[in-house]
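Enquirer: pasting a predicted model and its sequence here:
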Amino acid sequence: GESVGLHLPTLSVQEGDNSIINCAYSNSASDYFIWYKQESGKGPQFIIDIRSNMDKRQGQRVTVLLNKTVKHLSLQIAATQPGDSAVYFCAEKGGTGGFKTIFGAGTRLFVKA
Amino acid sequence: ETGVTQSPTHLIKTRGQQVTLRCSSQSGHNTVSWYQQALGQGPQFIFQYYREEENGRGNFPPRFSGLQFPNYSSELNVNALELDDSALYLCASSLGRTPKETQYFGPGTRLLVL
């Protein structure tokens, strides 16, 4: 079945370093890939998305890379700050899943001061 | 803040009871999706409403039902509560139902079933 998974459940980085969070997906027909940030006690917050016809998209301090050949998605956070500490989810929608957004299990990012 | 609000914030029920959770969409959004998030897991899609009609459903039993009102606010109803229904329930609103539309999530309602 469809699934979106993450390689590592926990990532610890030093403040100021760059963070890379990885995600694997299995549905080659997915049309959109999205990254969400969820802080404790809050709902997921949209960070950035990328359509399947792109391989890179940049936002403010974040970059998403999509490698359709190996079905891999990554989120790069530049100059990681303590406020970046949260759980990050990759998700996919569109394609055969249609309107459904399918989330992975999440990666917890710890930023050390 | 996304402008999506949910009530109540927390709720405790006993097995077999019924519960209604509420969601107010961001202004101008006509589509609402509901998700269940168990502790330590990603959100799981329950169903989506577009202009007051159910637009699609995930793998949840019929005791999970919903409504969307003319002002696009929404309710999630769960009958015959089970212990495994304990979770954070999230709603998300969007400008439309197509995959390209960004979903904006509310803070969630945490439900505990005893």
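Expert: Cool, got the structure.

Enquirer: excluding its backbone neighbours, what's nearest B:Thr20?
Expert: Leaving out its chain neighbours, the residue that sits closest to B:Thr20 by CB to CB, 6 or more residues apart in numbering or on different chains is B:Asn77, at 5.2 Å. For glycine as for every other residue, the C-beta is placed from the backbone atoms N, C-alpha and C.

Enquirer: list phi and psi for that neighbour.
Expert: phi -110, psi 140 (degrees, to the nearest 10).

Enquirer: repeat for A:Ala78
Expert: Dihedral angles (degrees, to the nearest 10) for A:Ala78: phi -80, psi 140.

Enquirer: go on, the one 5 residues further on?
Expert: As for A:Gly83, its main-chain torsions (degrees, to the nearest 10) stand at phi -70, psi -10.

Enquirer: please apply the same query to B:Leu83.
Expert: phi -60, psi -40.

Enquirer: OK, contacts around B:Trp60?
Expert: That one is not Trp; residue B:60 is Phe. Counting by CB atoms under 8 Å, 6 or more residues apart in numbering or on different chains, B:Phe60 makes contact with B:36, B:46-47.

Enquirer: same deal with A:Lys112?
Expert: Taking CB under 8 Å, 6+ apart, one finds A:12-15 in contact with A:Lys112.

Enquirer: ok, which residues in chain B are in contact with chain A?
Expert: Residues of chain B lying close to chain A (CB under 8 Å from any CB of the partner chain) are B:2, B:4, B:33, B:35, B:40-45, B:48, B:55-56, B:58, B:90, B:92, B:97-100, B:102-108.

Enquirer: if you set the cut-off to 6 Å instead, what comes out?
Expert: Neighbours of chain A within chain B, by CB under 6 Å from any CB of the partner chain: B:41-43, B:45, B:48, B:56, B:90, B:97, B:99, B:102, B:105-108.

Enquirer: of the residues you listed, select the buried ones using a PyMOL command.
Expert: A single PyMOL command selects the buried members of the residues of chain B next to chain A (16 or more other CB atoms under 10 Å in any protein chain shown):
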select buried, chain B and resi 42+43+45+48+90+97+99+105+106+107+108
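
Enquirer: now, which of the residues of chain B next to chain A lie within strands?
Expert: Counting by DSSP state E, the residues of chain B next to chain A place B:45, B:48, B:56, B:90, B:105 in strands.
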